[in-house]
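Colleague: Fold the following and give me the result.
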Amino acid sequence: MTGCMWPCAAAAIATTAPTMGSGAGRKGWWLFRSKVRCPMEVVRHSRDLLRIVFEDRDASSNKEDLKPETKVMVDLRKYIREMKCILYGNGEAEPVTEACTNLTKEFFKENTNTMRLLILCLPYLDSETKKDVTQVIANLQRQKVDSKIIASDYLEVNKDLLDVLVSGYDNMEIAIHYSTILRDCIRHQVAARYVLDSEHMKKFFYYIQLPDFNIASDAFRTFKELLTRHKSSVAEFFSRNYDWFFSEFNSKLLSSPNYIIRRQATQLLGDILQDKSDTLVMICYVCSKENLIIVMNLLREQSKAIQLEAFHVFKLFAANQDKPPEIVGILSANKSKLIRFLANFSLDREDHLFEVDKAKVVAEISTL
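Modeller: Numbers count the residues shown, from 1 in each chain. Below is the predicted model:
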């Protein structure tokens, strides 16, 4: 492999990996001066440097080794940037398929744990290198080897890394980076199913309400991705967790004092209930008096955006042909108010489908 030269890698780093054997010792990285030419070498050298960072991260006597300007960190930064260059191209040359494949094979090579080391060492890297790492991992989640995405197989064996990534929301310094990696990982159904079936789902109700707007919004983005991407896994999740989930959803999100949370949650509720794969969930939801009351209160919001999202949920209650008596009772008692509200409820733009839906709701309520 030492004779190969991949596009982009040819302009690579003038330093190579640490030698971990006898003679050089653990600090033997400084002995190497040859130019890196192969994708697999780039990964190997990155991995050796990451091992040094990992070993030094909790050793108080070696904190100096983790400073950005040290040789280990400088070389690691260059190698990670080189991996990114191989996977994405360098602006002048497009990435080469064979180079990307070889890099992917080495990255996910059994028992090497390159991805684990990258994730665990991420808090000790500088901000630009953190961004490079998230881009490298994102790309590798989509790379195919022999028509197979091997990142999915890796995550199936290393599900505990998902625990690490979710816990990143507890650390403001790495929350956005870890969550970005997490969303790329849950592109794979095996990873999404693991998170859905874990206690982490309950934590999201806390993360979404964090005072830091960027982290809270990011947490909601991940939460939505988990509940909408993999239809069959989401349906299984709701079949097992319906009661506690919607109890939390109603009380902490739909009833939140925070406008942004209420708006996002109302939109997500509509997306879930109107998805054909979640029909059973929708039927359960629209048969609940408590749910109807919450949605009707959302219709009274001053925000037209929340009113519109609430309407998309409310129309499901009205359209249900097997309304329980308590639902019929509430709708009948508020019939005149609802019809008057809908008569004045309009959008700032022309929307034929909205008008058709509204007419159907009015007709349904009028017959009660």
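Colleague: Show me the shaky parts of this protein.
Modeller: Along the chain, segments meeting pLDDT under 70 span 1-37, 58-69.
Colleague: quick one, what contacts residue 354?
Modeller: The contact partners of residue 354, by Cβ atoms under 8 Å, 6 or more residues apart in numbering, come to 308, 347. For every residue, glycine as well, the C-beta is placed using N, CA and C.
Colleague: One more pass at 6 Å, please.
Modeller: Residue 354 makes contact with residue 347 under the criterion Cβ atoms under 6 Å, 6 or more residues apart in numbering.
Colleague: separation between it and residue 189?
Modeller: 34 Å (Cβ to Cβ, to the nearest Å).
Colleague: and residue 330, how many residues sit next to it?
Modeller: Neighbour count of residue 330, defined by other Cβ atoms under 10 Å: 17.
Colleague: Pop out the phi and psi values for the closest residue to it other than its chain neighbours.
Modeller: Leaving aside its chain neighbours, residue 330 sits nearest to residue 292 (5.8 Å; criterion: Cβ to Cβ, 6 or more residues apart in numbering). The phi/psi pair for residue 292 (degrees, to the nearest 10) reads phi -60, psi -40.
Colleague: let's number from 109 now, not from 1
Modeller: Sounds good: first residue 109 from here, last item residue 400.
Colleague: My guess is residue 400 contacts residue 422. True?
Modeller: No: counting by Cβ atoms under 6 Å, residue 400 stays clear of residue 422, with 8.1 Å between them.
Colleague: ok, now how distant is the residue nearest to residue 438 from residue 442?
Modeller: 10 Å.
Colleague: Between the two, tell me which one has more neighbours.
Modeller: residue 400 (23 against 15).
Colleague: roughly how far apart are that one and residue 234?
Modeller: Residue 400 is 52 Å from residue 234, where distance means Cβ to Cβ.
Colleague: go on, residue 361?
Modeller: Residue 361 is 36 Å from residue 234, by Cβ to Cβ.
Colleague: The two: who's more crowded?
Modeller: Between residue 361 and residue 234, residue 361 has the larger neighbour count (other Cβ under 10 Å), namely 22 against 13.
Colleague: for stretch 404-413, how far is the first residue from the last?
Modeller: 14 Å (Cα to Cα, to the nearest Å).
Colleague: can you count the residues close to the closest residue to residue 246 other than its chain neighbours?
Modeller: In this structure, residue 246 finds its nearest non-sequential neighbour in residue 292, 4.4 Å apart by Cβ to Cβ, 6+ apart. Residue neighbour count, defined by other Cβ under 10 Å, stands at 20 for residue 292.
Colleague: Same check on residue 472?
Modeller: 17.
Colleague: got it, and residue 473?
Modeller: Neighbour count for residue 473, taken as other Cβ under 10 Å: 18.
Colleague: what residues are up against it?
Modeller: Here residue 473 is in contact with 426, 439, 443, 446 (Cβ under 6 Å, 6+ apart).
Colleague: now with 7 Å?
Modeller: Applying Cβ atoms under 7 Å, 6 or more residues apart in numbering, we find residue 473 in contact with 426, 439, 443, 446-447.
Colleague: what's the answer for residue 475, then?
Modeller: Under the criterion of Cβ under 7 Å, 6+ apart, residue 475 has no contact partners.
Colleague: measure it to residue 468 for me?
Modeller: Between residue 475 and residue 468 the distance is 11 Å, computed by Cβ to Cβ.
Colleague: Repeat that for residue 300.
Modeller: According to Cβ to Cβ, residue 300 and residue 468 sit 35 Å apart.
Colleague: Who has more neighbours out of these two?
Modeller: The neighbour count for residue 300 versus residue 468, taken as other Cβ under 10 Å, is higher for residue 300 (23 against 13).
Colleague: which element is the more buried one on?
Modeller: Element membership for residue 300 (DSSP states H and E) is helix 297-304.
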